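Undergrad: let me see the structure of the following:
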Amino acid sequence: MKAVAVEGLSKSFGGIRALSDVSFRVEKGERLVIIGPNGAGKTTLFNLITGEIPPTHGRVFLFEEDVTHMPSHRRTRLGMARTFQITNLFPNLTLRENIFLAVLGVNPQKFKMHQPVSSCKDIIDKIERLLAEWDLQGHTYTLVRNLSYGVQRQVEVIMALSGGAKIVLLDEPTSGLSPAETGTLTSMILGLDPDVTLIIIEHDMDVAFRLAHNMIVLHYGAVIAAGPPESIKADAKVEEIYLGAE
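TA: Numbering: from 1, shown residues only. Prediction:
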């Protein structure tokens, strides 16, 4: 089953075309990695898939349902989540409180006003399971601003998954991380539920080739190559334009 399908997607900002006639499909459980130089249109593509901006032309499908004109919060209810290139956490709340809000956001209990946190037993139990699964119990009551940047990036991924997302878009997950932190986060992503579909923008080529089942290369808003990592590595145009071959 197709988890995501993009057909002829284009986006213009005034006279600037940021994305031009992009089409691809992602199967359930697939890991698709999108690479390309700065300004290639990668984040614009993410914003179109998640519904944060409307396309100029083209269509977006989630689980074969046309969501092109559906707002982002409704796409979330269909099972989509994303992270951002810059961390998007609540720095003055604890790790536990951040995850609590992420779980509550997709739970019907959010509509029950003035309820004590202690009454949300199912949510609390889920938070405890998540913290144990990712070995973060030692940071439970730490303010997010006091966590290392590497742990913050892990928390973003956990929050994206905490609501039971079936499709997760990761925008530059290893950006700004040390080699050790990159290795930790890469292993975390590799260990995610194989039924969860991932679309990943990644600048680190070693990470990109390690994570990908399939890849797309964007250049000036257009797809110049697509296929499994082996074919991307062997593509002369990709070497010339993106990997720096003469």
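Undergrad: tell me where this protein has strands.
TA: 2-13, 16-27, 31-35, 57-62, 65-66, 80-82, 167-171, 197-201, 214-219, 222-227 (DSSP state E).
Undergrad: give me the packing partners of the first one, helices and strands only.
TA: It stands for strand 2-13. Using 3 or more Cβ pairs under 8 Å, 6 or more residues apart in numbering; DSSP states H and E as the contact criterion, the secondary-structure elements in contact with strand 2-13 are strand 16-27, helix 42-50, strand 57-62, strand 197-201. No exception for glycine: its C-beta is placed from N, CA and C like everyone else's.
Undergrad: which residues are in contact with the closest residue in space to Ser148 that isn't next to it in sequence?
TA: Distances taken as Cβ to Cβ, 6 or more residues apart in numbering place Glu181 nearest to Ser148, at 7.4 Å, with adjacent residues excluded. With contacts taken as Cβ atoms under 8 Å, 6 or more residues apart in numbering, Glu181 has the following neighbours: Ser148, Tyr149, Gly150, Arg153, Thr174.
Undergrad: repeat for Ser175
TA: Applying Cβ under 8 Å, 6+ apart, one finds that Ser175 lies in contact with Gln85, His203.
Undergrad: ok, now how distant is it from Ile35?
TA: Separation of Ser175 from Ile35 (Cβ to Cβ, to the nearest Å) stands at 13 Å.
Undergrad: give me the common contacts of the two.
TA: His203.
Undergrad: count the neighbours of Ser148 for me.
TA: One way to gauge burial is a neighbour count; for Ser148, by other Cβ atoms under 10 Å, it gives 12.
Undergrad: same question, Arg75
TA: Applying other Cβ under 10 Å, we find 21 residues neighbouring Arg75.
Undergrad: and what of Lys237?
TA: 12.
Undergrad: which ones are touching the nearest residue to it once chain neighbours are set aside?
TA: With Cβ to Cβ, 6+ apart as the measure, Ile224 is the residue that lies nearest to Lys237, at 5.7 Å, once sequence neighbours are left out. Residues near Ile224 by Cβ under 8 Å, 6+ apart: Val217, Leu218, Lys237, Val238, Ile241.
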